[in-house]
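[1] Kindly return the folded structure for what I paste below:
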Amino acid sequence: MFFKSFFDDHLAQMSYMVACQKTGDAIVIDPGRDLSPYLETAEKEGLTIKQAAETHIHADFLSGARELANKKNVKLYLSDEGGDDWKYQYLEEVDHQLVKDGDDIHVGFVRLEVMHTPGHTPESLSFLLTDEGGGSDVPMGVFTGDFVFVGDVGRPDLLEKSAGAEGTAKDGAKEMFQSIKRFKSLPDFVQVWPGHGAGSACGKSLGAVPSSTIGYEKENNWALRHNSEAEFIAELLDGQPEPPTYFAMMKKLNKEGPSLNKERRIEKVPADKLEHYRTNDFVILDTRDASEFASGHLQGTINIPYNRSFTNWAGWIVEYNQHIIVVADEKELAAIKGSLESIGLDDLVGYVEVSELKSFGGLETYKSITAEELEESYRSNREYVIIDVRNPDEWEEGHIEGAQHIMLGKLKDSLEKIPSDRTPIVHCQSGMRSAIGASLLQAYGFKNVLNLQGGYGAWSKENK
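    Numbers count the residues shown, from 1 in each chain. Have a look, this model is predicted:
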């Protein structure tokens, strides 16, 4: 048997390829939209991808299953569980088989047993793998999707918060409790291959370790140690992170069928022509490091550094009907394009080469303020307003007296709440998210924006 995992660190998302080495047949579990890692692996290993399976209708990235089916004639295995509201709607155009609890998927002499494990979503499946071609009659591992992670389980509130399905969070939590009971009955030696790792918003305390075992999770995963359903539900629903706004669009597109990827021309835009694109139809993202951006940037640009958090914050800030222009090094353009497309932001139409900024006059800047300077200035000058862009749980654990709390992802839609006659001082926990927030406020016309250097962490040390 052949096995390989793939990790997209911008989405903290795991996908997998399993193959029978006797037949050369391969299946991809939860493929992302960029098919190149799977196709390159198959070619390198002499395998043919004949099948793809999904654990559920994803909310946090755009699935590549439809793309595989259309471009490579791959047969899809998709959930037939969960009721009429959670059925795939593009199946007439692809070779597919709907599967239910107890069904088997055969990949050569490798068998995947379908387990219905609702909780995160009503249609959620897990796939229990047995390598029959290797002579085994006991399962080796289980692909859990967003059901069980290392150290956590999938949140049951996304349908309610992102898809508008009222009252489904508590019902999902009850289903999760029952699914976990079944999961715990599997042998302790069975490996656990989850759909996400640390950094995903599909749970609240995901581990960074890529895989685990049933036995280890029974000992160390908080969710598997609960015997009381009521206590489990209360803890599961408490403290879940704010789901990005793009999750609702992902759920819709993955259900209806993601559009097939097309090659799109990305025009080089001279820096002195960028003013023509400063309309509501366009968004201009500067992908440089925050310190570089603060030192000099083009008017109207929003700074989302191209790092592991880029896709998440682009999903929060960019509207799906906007054309996108990026300020970036040309050598990073393909990667940035792929990250945007992974969540369906397909309309990247142009870029400004970073090197142009060195010779461009009239760049804007913004300044930072230290925690010590904040205390001296803010307490004696009421012309300032402090904007805390951290998550709600961070705010509740402690905040600067008099600060205004607007989580970063909601800042763009809350500009009217910020006094326009006062100087904004933006802060998060460390100064990274607030740099995005400061750039956004400046792009929307706020003057003399300041970023708190070191964030609330630095302020806390200064004010012990």
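[2] For the lowest-mean-pLDDT helix or strand in the chain, buried residues please.
    Among the helical and strand segments of the chain, the one scoring lowest on mean pLDDT, DSSP states H and E is helix 371-380, with a mean of 80. Using 16 or more other C-beta atoms under 10 Å as the test for burial, helix 371-380 gives Ala371, Leu374, Ser377, Tyr378. All C-beta spots, glycine's among them, are computed from the backbone N, C-alpha and C.
[3] What separation is there between the first one and Phe3?
    Computed as C-beta to C-beta, to the nearest Å, the Ala371 to Phe3 distance reads 49 Å.
[4] cool, the third one as well?
    Counting by C-beta to C-beta, the gap between Ser377 and Phe3 amounts to 58 Å.
[5] circling back to that earlier point, show me what the least confident helix or strand of the chain is packed up against.
    strand 384-388, helix 455-462 (3 or more C-beta pairs under 8 Å, 6 or more residues apart in numbering; DSSP states H and E).
[6] what residues does the last one touch?
    It refers to helix 455-462. The contact list for helix 455-462, computed with C-beta atoms under 8 Å, 6 or more residues apart in numbering, reads 370-372, 374-375, 388, 390, 394, 398-400, 427-432, 434, 452.
[7] Select only the buried ones of the residues you listed in PyMOL?
    To isolate the buried members of the contacts of helix 455-462 in PyMOL, using 16+ other C-beta under 10 Å:
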select buried, resi 371+374+388+390+394+399+400+427+428+429+430+431+434+452
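[8] Show me where the stretch 201-350 of the chain has its helices.
    In the stretch 201-350 of the chain, the segments counted as helices under DSSP state H, counting those that start in this stretch are 214-220, 229-237, 246-256, 290-295, 310-317, 333-341.
[9] the inter-axis angle of the fifth one versus helix 333-341?
    For helix 310-317 against helix 333-341, the angle by axes from the mean of the first three to the mean of the last three C-alpha atoms, to 10 degrees is 50 degrees.
[10] Show me what helix 310-317 is packed up against.
    Partner elements for helix 310-317 (3+ C-beta pairs under 8 Å, 6+ apart): helix 246-256, helix 333-341, helix 433-443.
[11] switch to 7 Å and redo it
    Applying 3 or more C-beta pairs under 7 Å, 6 or more residues apart in numbering; DSSP states H and E, we find helix 310-317 packed against helix 333-341.
[12] other SSEs contacting the helix it packs on?
    helix 310-317, strand 323-328, strand 348-353.
[13] so where's this protein shaky on pLDDT?
    Scanning the chain for pLDDT under 70 picks out 379-380.
[14] Now with 80, please.
    Scanning the chain for pLDDT under 80 picks out the ranges 163-165, 377-382, 464.
[15] domains for it, by residue range?
    For the chain, automatic domain parsing gives the domain ranges 2-256, 267-359, 367-462.
[16] End to end on the longest one, go ahead and measure it.
    When you say that, I think you mean domain 2-256. Domain 2-256 has an end-to-end distance of 32 Å (C-alpha to C-alpha, to the nearest Å).
[17] Tell me which of the helices and strands packed on helix 333-341 approaches Gly296 most closely.
    Gly296 lies closest to strand 323-328 among these, at 11.1 Å (C-beta to C-beta).
[18] buried residues in that closest one?
    Residues Ile324, Ile325, Val326, Val327, Ala328 are the ones in strand 323-328 that count as buried (16+ other C-beta under 10 Å).
[19] Format the residues you listed as CSV; extra columns: distance to Val318.
    Formatted as CSV, the buried residues of strand 323-328 follow (distance: C-beta to C-beta, whole Å):
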residue, distance to Val318
Ile324, 6
Ile325, 11
Val326, 11
Val327, 14
Ala328, 15
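[20] related to what we said a few turns ago, next, format the helices and strands packed on helix 333-341 as CSV and append distance to Lys218.
    Listed next are the helices and strands packed on helix 333-341 as CSV, based on distance: least, C-beta to C-beta, whole Å:
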stretch, distance to Lys218
helix 310-317, 31
strand 323-328, 45
strand 348-353, 45
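[21] Most tightly packed of the helices of the stretch 201-350 of the chain?
    helix 310-317 (a mean of 23; mean count of other C-beta atoms under 10 Å).
[22] Please enumerate residues in contact with it?
    10-11, 244-246, 285, 302, 304, 339-340, 342-343, 345, 409, 412, 436 (C-beta atoms under 7 Å, 6 or more residues apart in numbering).
[23] Ok, stretch 192-201 next?
    By C-beta under 7 Å, 6+ apart, stretch 192-201 touches 5, 7, 12-14, 16, 30, 55, 60, 141-146, 148-150, 202, 206-208, 210-214, 217, 241, 243-244, 308.
[24] what about the helices in the stretch 1-150 of the chain?
    So, for the stretch 1-150 of the chain - with DSSP H, counting those that start in this stretch - the helices run 36-45, 65-72.
[25] Could you identify which of the ones you listed is most buried?
    Highest mean neighbour count among the helices of the stretch 1-150 of the chain (mean count of other C-beta under 10 Å): helix 65-72, a mean of 21.
[26] my guess is Phe143 contacts Ser124, does it?
    No. With contact defined as C-beta atoms under 7 Å, Phe143 and Ser124 do not form a contacting pair (11.3 Å).
[27] Looking at the two, which one has more neighbours?
    Ser124 (30 against 25; other C-beta atoms under 10 Å).
[28] my guess is the more buried one meets Val114, correct?
    No. Counting by C-beta under 7 Å, Ser124 does not reach Val114; the two are 11.1 Å apart.
[29] ok, back up a step: quick one: closest of the helices of the stretch 1-150 of the chain to Lys358.
    Using C-beta to C-beta, the nearest of these to Lys358 is helix 36-45, at 33.3 Å.
[30] elements contacting the closest one?
    Against helix 36-45 (3+ C-beta pairs under 7 Å, 6+ apart) you get strand 2-8, strand 48-53.
[31] Mind putting these into a markdown table with distance to Asp34 and mean neighbour count?
    As requested, the helices and strands packed on helix 36-45 are exported to a markdown table (distance: least, C-beta to C-beta, whole Å; neighbours: other C-beta atoms under 10 Å):
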| stretch | distance to Asp34 | mean neighbour count |
| --- | --- | --- |
| strand 2-8 | 8 | 16 |
| strand 48-53 | 14 | 23 |
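[32] Tell me which of these lies nearest to Met250.
    Using C-beta to C-beta, the helices and strands packed on helix 36-45 put strand 2-8 closest to Met250, at 13.8 Å.
[33] Can you pull out the residues in contact with stretch 148-168?
    Contacts with stretch 148-168, where a contact means C-beta under 7 Å, 6+ apart, come from 59, 119-121, 146-147, 169, 172-173, 176, 180, 183, 192, 194, 196, 202-207, 209, 212, 217, 220-221, 223, 236-237, 240, 243, 247-248, 251.
[34] CA atoms only for it - export them in PDB, please.
    Extracted as PDB, the C-alpha positions of stretch 148-168 are listed here (Å, rounded to 0.1, in the frame of the first residue of the first chain):
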ATOM      1  CA  VAL A 148     -11.800  14.200  15.300                       C
ATOM      2  CA  PHE A 149      -8.600  16.200  15.300                       C
ATOM      3  CA  VAL A 150      -5.400  15.700  17.300                       C
ATOM      4  CA  GLY A 151      -6.500  17.100  20.700                       C
ATOM      5  CA  ASP A 152      -9.900  18.300  19.600                       C
ATOM      6  CA  VAL A 153     -13.100  17.600  17.700                       C
ATOM      7  CA  GLY A 154     -14.900  19.500  15.000                       C
ATOM      8  CA  ARG A 155     -17.100  22.400  16.000                       C
ATOM      9  CA  PRO A 156     -20.800  21.800  15.500                       C
ATOM     10  CA  ASP A 157     -21.800  25.500  15.200                       C
ATOM     11  CA  LEU A 158     -20.600  26.400  11.700                       C
ATOM     12  CA  LEU A 159     -23.900  25.500  10.000                       C
ATOM     13  CA  GLU A 160     -25.700  28.000  12.300                       C
ATOM     14  CA  LYS A 161     -23.000  30.700  12.200                       C
ATOM     15  CA  SER A 162     -21.900  30.400   8.600                       C
ATOM     16  CA  ALA A 163     -24.800  28.800   6.700                       C
ATOM     17  CA  GLY A 164     -27.700  30.300   8.600                       C
ATOM     18  CA  ALA A 165     -29.100  27.000   9.700                       C
ATOM     19  CA  GLU A 166     -30.900  28.100  12.900                       C
ATOM     20  CA  GLY A 167     -30.700  25.900  16.000                       C
ATOM     21  CA  THR A 168     -28.300  23.300  14.500                       C
END
